[in-house]
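Colleague: Give me the fold of what follows.
(chains A and B)
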Amino acid sequence: MTSAQALRERSVFLIVVGVVLLMPPLILIADQAAFIFGIPTLYAYVFACWAALIAGGALLASQLSRSEGTLDAPADGRD
Amino acid sequence: MVPSWVILVVSLTYVGTLFGIAWWGDRRAEQGRSLVRNPLVYTLSIAVYCTSWTFYGAVGSAASNGPEFLTIYVGPTLMFLAWWFILRKIVRITRAHRITSIADFIASRYGKSTQLSVLVTLVATAGTMPYIALQLKAVAQSFTILAGPDAAAALNAPLPQVIADTAFWVALAMALFGILFGTRHIDASEHHEGVVTAVAFESVVKLLAFLAVGVFVTFGMYDGFGDLFERARTAGIPAETFTLGMPDGPGRWVSMTLLSMCAILCLPRQFQITFVETVDERHLSTAAWLFPLYLLVISLFVVPIAVSGLMVLPSGVDADSFVLTVPLSQGQEGLALMAFVGGLSAATGMVIVATIALSTMVSNDLVMPALLRIRWLRLTERGDLTGLLLFIRRAAIVAVLFLGYVYYRATGQSGALAAIGLTSFAAAAQFAPAMLGGLFWKGATRSGAVTGLALGFAAWGYTMLLPSMARSGYLSIDVVLHGLGGIGWLRPEALLGMDTLDPLSHALFWSWLLNIGAFVGVSLFGRQSPMERVQATVFVDVFKRSETAAPQVWRRSATVKDLYALIQQFLGRATAHRAFRAYEKEHGVSLPPGREADAELLAMTERLLAGSIGGASARVMVASVAKGEMVSLDEVLKILEETSQVIEYSQRLEQKSTELEQTTAELREANRRLKELDRLKDEFLSTISHELRTPLTSIRSFSEILVDTPNLEAEQASRFLGIIVRESERLTRLIDQLLDLARLQAGHGDWIMEPVDLDKTLEDAAAITAGLFADKQARLILRLPPHPHPVFADRDRLMQVFVNLLSNAVKYVPEDGTGRVMVSALPYGPTWMVTISDNGLGIAREDRERVFDRFVQVPRPDGAPPGGTGLGLPISRQIVEHFGGRIWVEDAPTGGAMVCVTLPVTRHAATPPRSEAL
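Modeller: Below is the predicted model of the structure:
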């Protein structure tokens, strides 16, 4: 099983990825008056990133909550 | 249009259902079969975040401002991704300290400060009023649109009489609901299970209603998303509608995302639902992804509805009403009615939770502290106060809704839904620095929080509220255009002439700059009172101590009776009885009324009271009974610090024990190796004594024969003497080699390392062993390259190796004249490789490494002992390895064994030999 520490680090990474993907300047790349598969690019981009973040979050959340039982209180206190 | 009476009947039925569900939820809770002990219900209740602003306003925003409405959902998604670090911590603290509201949370963090709780309550009320008004407005407007003959005309119609105003009746119904289910009893845990159940139900209704409209538009009116956008293009809606507007778009995107990230934590109703009403911390792990998923699903069809509204409706129709007007325009009255119910559920959900949250704050953090301070009321000496407490709560609910209604009547028709909502978000965002800062930074002080909050709130009022009031016509618009009193650099939307930011980002920048700046600055340069330090430690280190290990601040000065009376005063007799019985059971003590209460019982009393009247008030109440004789806070701090030290020690101890374990493992390994070496030594000694004894025995026995038999024949005697001499030689050789090996292994010996001509050495070795080859009638074949490079070695030692290997090889070749030994030298990487192969029987694979052990001998083909000492190969290996080379055994191409020796060319074996031989 992955250690709780590693899971915490992964979830920080996921948050950073989410912020970077959904903030300027990256989001401005998708901000075009154009369509992809018939859908405006910005909407397509945001919804795709959003769904991916939720999926990643769901995966990590189940692992994190399972790891909770194995964590001792003092080790937990760093976050 | 839909007849008014139908709408009324449907609305009444819906609200009636809501009451029924809340009643059912409370009943189930009383029976101990709670409905809210379910992560799904918890998640749905958090979705109270989606108000009528989402339901109607998001479509309006998408139609006029493009994609920026998405930020309202993306922000919370990002915040919920961080649930493990932020949300979980707030939940833990809220549950451990029985926090009742965001005002209570912030006040408790900064030393249970009444000043701060009052300030937070005021800001929250000021920020929430417009939001409640917005919900009422949305309900009234949607009713008018649905019932009216002409949607466009309905918007501009004057407000109806109060008695005929839907919003009034909705406000009344919500007040009733709040009183019935929000203040049914004064609960020490501040859980309203009925309300939560009803709110979760409302989240389902609004989601289904919105999806129904969205699916109808996308797949009923058009042929999917692609077709919809294609038609929009041909209808002349520019593709720029779907991009962030320039130049303000990116700035607003960032600001709004930040705002909604804070709003999901700091809006009083979100705090109430997400943190105060939680029954199980583990539900968070589901809500962490399920709530963002809810947001994603409910925003899927926002753009299609907006786009279809732009296409099918005349340009005068308010985009905020597209959810209703688009189905109406298609003759779908039933669907429109369903959408109306969805909007109603979104609005009522928000109103209910916000009202309960605000009324809790008003009663616990505003009214109770004030009443407790007024001495002539002698409140602390009265009997049962539960009635008074309930009355204050109920009055607060009515007052909050009344104020919201008045606000709605006063502001009337002005302002788009989204703008009002954002104003409210920005007010709530002022709590974020004190809240998040207090969660992770022990150094944050009360003065810092108060100053930051006050300045941030002031800046919000000036840069955000003032312009919106001016635009609604309550103030001269000149204030916005030319600044307060005509001073240009005081313009609310371009403070100090800063006109590069859009108004929203501008307001957020200044309010946060002042808020965070003052919060951090004042904290850094100020001092914390002991109580603040205690609370800071308790909050920031919440995961480091057990839940009940709240610091015990009280000296034993109150009697059990006093405390019982106190709890009874605020929570009623039944609750007091239950709490004391539970305490007795848990601690295994009995509590006679006259007994002195210990510190723990006092702490429990304070916690219980905090759950119903807030931390600050609870402190005052307990102090009134305990006559202010608290343990000095410095003592408490000392205890706290000692606890942290103990924790630290135990962590260090753990580290030490891990190190110890490692050392033990290393020692065990060393011991194992020593034992092995010891065993090898014993083996060596026994082998060596055996090897020495064999020649000695024969020397002794032949000598004895010579001594005991004087008349031995001369021929016989000389044969015996010959054997004695040979055995002595063998013995000497054996001892020489043993000494040699010992020297080599000890690393002693004189080594003259120099470049040695490999060619010459091999030829010399061949000459020395020529006699052996002649005896066996074997042939020695040397295959040497024309100009071999010199190798770096000690010449005599190298010679010893070759002689050894050659004499070994010749021992095992056939004796019938076909024996062949071939020596060749080849460049091998940066070294030379010499191979000596024979055509004997070879060496079995499993023996190939063993032959380099001492005294190991491979029997000759005829089974006779080979007659060596068994030390030749070990010595050779020692020598070759000393040179930096390797020696091993392989199969020879001629069928026998092949010994391979590599020898470095220089001391470092760095330069490869010239490749001419390749």
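
Colleague: Contacts only, for residue B:336.
Modeller: Shown in contact with residue B:336 (Cβ atoms under 8 Å, 6 or more residues apart in numbering or on different chains): B:2, B:146, B:324, B:327-328. For the C-beta atoms, the positions are set from N, CA and C on the backbone; glycine is no exception.

Colleague: Against residue B:454, how distant is the residue nearest to it when sequence neighbours are not counted?
Modeller: Excluding the flanking residues, the one nearest residue B:336 by Cβ to Cβ, 6 or more residues apart in numbering or on different chains is residue B:327, at 4.3 Å. Applying Cβ to Cβ, to the nearest Å, the value for residue B:327 to residue B:454 is 47 Å.

Colleague: Would you mind telling me which of these two has more residues around it?
Modeller: Of the pair residue B:327 and residue B:454, residue B:327 is the one with more neighbours under other Cβ atoms under 10 Å in any protein chain shown, namely 26 against 17.

Colleague: ok, that one to residue B:333 distance?
Modeller: Taken as Cβ to Cβ, the span from residue B:327 to residue B:333 is 8 Å.

Colleague: which residues in the stretch 601-750 of chain B form helices?
Modeller: Secondary structure of the stretch 601-750 of chain B (DSSP state H, counting those that start in this stretch): helices at B:615-625, B:633-708, B:714-746.

Colleague: Kindly apply the preceding question to chain A instead.
Modeller: A:4-21, A:26-30, A:41-68, A:73-76 (DSSP state H).

Colleague: and the least confident of the contacts of residue B:336?
Modeller: When those are compared by pLDDT, residue B:2 scores lowest at 79.

Colleague: Which element, helix or strand, includes it?
Modeller: Assigned by DSSP states H and E, residue B:2 belongs to no helix or strand.

Colleague: For residue B:543, which three-state class applies?
Modeller: coil (DSSP: H, G, I helix; E, B strand; the rest coil).

Colleague: Wait, it touches residue B:92, no?
Modeller: Yes - counting by Cβ atoms under 8 Å, residue B:543 does reach residue B:92; the two are 6.8 Å apart.

Colleague: Following the lowest-mean-pLDDT helix or strand in chain B in sequence, what is the next regular element?
Modeller: The weakest-scoring helix or strand in chain B, judged by mean pLDDT, DSSP states H and E, is helix B:151-156 (a mean of 53). Elements were assigned by DSSP H and E; along the chain past helix B:151-156, the next helix or strand is helix B:166-177.

Colleague: For the residue nearest to residue B:336, give me its contacts.
Modeller: Contacts of residue B:327 by Cβ under 8 Å, 6+ apart are B:213, B:216, B:333, B:335-336, B:339.

Colleague: same check, this time on residue B:68
Modeller: So, once contact is read as Cβ under 8 Å, 6+ apart, residue B:68 ends up touching B:61, B:244-245, B:249, B:252-253, B:256.

Colleague: Doesn't it lie inside a strand?
Modeller: No - read with three-state DSSP, residue B:68 is helix and lies in no strand.

Colleague: What separation is there between it and residue B:30?
Modeller: From residue B:68 to residue B:30 the distance is 46 Å (Cβ to Cβ).

Colleague: Same question for residue B:486.
Modeller: For residue B:486 relative to residue B:30 (Cβ to Cβ), the value is 64 Å.

Colleague: go on, residue B:830?
Modeller: Distance from residue B:830 to residue B:30, by Cβ to Cβ: 87 Å.

Colleague: what's the answer for residue B:424, then?
Modeller: From residue B:424 to residue B:30 the distance is 35 Å (Cβ to Cβ).

Colleague: So which of the contacts of residue B:68 sit within strands?
Modeller: Using DSSP state E, no member of the contacts of residue B:68 falls in strands.

Colleague: and residue B:335, that's in a helix?
Modeller: Yes - assignment of residue B:335 by three-state DSSP places it within a helix.

Colleague: For it, give its distance to residue B:324.
Modeller: 9 Å.

Colleague: Compare the two (neighbour count), which wins?
Modeller: Remark: of residue B:335 and residue B:324, residue B:324 carries more neighbours, 27 against 22, as counted by other Cβ under 10 Å.

Colleague: My read is that the more buried one contacts residue B:142, right?
Modeller: Yes - taking Cβ under 8 Å as the definition, residue B:324 is a contact partner of residue B:142 at 5.8 Å.

Colleague: Let's verify residue B:835: helix, strand, or coil?
Modeller: Under three-state DSSP, residue B:835 comes out as strand.

Colleague: same deal with residue B:900?
Modeller: Assignment for residue B:900 (three-state DSSP): strand.

Colleague: What number of neighbouring residues does it come out with?
Modeller: Residues near residue B:900, counting by other Cβ under 10 Å: 17.

Colleague: List the buried residues of stretch B:760-769.
Modeller: B:761-762, B:764-766, B:769 (16 or more other Cβ atoms under 10 Å in any protein chain shown).

Colleague: circling back: output the contacts of residue B:68 in CSV; the columns should cover distance to residue B:604.
Modeller: Formatted as CSV, the contacts of residue B:68 follow (distance: Cβ to Cβ, whole Å):
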residue, distance to residue B:604
B:61, 49
B:244, 54
B:245, 57
B:249, 55
B:252, 50
B:253, 49
B:256, 44
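
Colleague: Most neighbours among those, which one is it?
Modeller: residue B:61 (28 neighbours).

Colleague: Next, work out how far apart it and chain A are.
Modeller: Note on residue B:61: its distance to chain A, by Cβ to the nearest Cβ, to the nearest Å, is 14 Å.

Colleague: same deal with residue B:870?
Modeller: Taken as Cβ to the nearest Cβ, the span from residue B:870 to chain A is 54 Å.

Colleague: What helix or strand is that residue located in?
Modeller: Residue B:870 belongs to no helix or strand, assigned by DSSP H and E.

Colleague: Is it in contact with residue B:856, as I believe?
Modeller: Yes - using Cβ under 8 Å, residue B:870 and residue B:856 qualify as a contacting pair, with a distance of 5.7 Å.

Colleague: more neighbours, these two?
Modeller: Taking other Cβ under 10 Å, residue B:870 and residue B:856 do not tie; residue B:870 has more neighbours (18 against 15).

Colleague: What does the residue nearest to the more buried one when sequence neighbours are not counted show for phi and psi?
Modeller: Nearest-residue entry for residue B:870: residue B:855, 3.9 Å, with adjacent residues in sequence omitted and distances by Cβ to Cβ, 6+ apart. The phi/psi pair for residue B:855 (degrees, to the nearest 10) reads phi 70, psi 20.

Colleague: Can you tell me how far residue B:855 is from residue B:685?
Modeller: 11 Å.

Colleague: Could you report the neighbour count for the residue lying closest to residue B:457 once chain neighbours are set aside?
Modeller: With sequence-adjacent residues excluded and distances taken as Cβ to Cβ, 6+ apart, residue B:457 is closest to residue B:123, at 5.1 Å. Neighbour count of residue B:123, defined by other Cβ under 10 Å: 23.

Colleague: Residue B:360 too?
Modeller: Other residues close to residue B:360 by other Cβ under 10 Å number 29.

Colleague: I'd like to know the phi and psi angles of the nearest residue to it once chain neighbours are set aside, please.
Modeller: Spatial nearest neighbour of residue B:360, chain neighbours left out: residue B:101 (5.1 Å); criterion: Cβ to Cβ, 6+ apart. Note on residue B:101: its backbone torsions stand at phi -160, psi 170 [degrees, to the nearest 10].

Colleague: residues from the stretch 201-350 of chain B in reach of chain A?
Modeller: Contacts of the stretch 201-350 of chain B with chain A, taken as Cβ under 8 Å from any Cβ of the partner chain, map to B:225-227, B:229-230, B:238-240, B:242-244, B:249-250, B:253-254, B:257, B:282, B:285-286, B:288-289, B:292-293, B:296, B:300, B:303.

Colleague: What's the separation between residue B:442 and residue B:535?
Modeller: 10 Å.

Colleague: tell me the SS of residue B:888?
Modeller: strand.

Colleague: ok, how many other residues are close to it?
Modeller: Around residue B:888 there are 15 residues (other Cβ under 10 Å).
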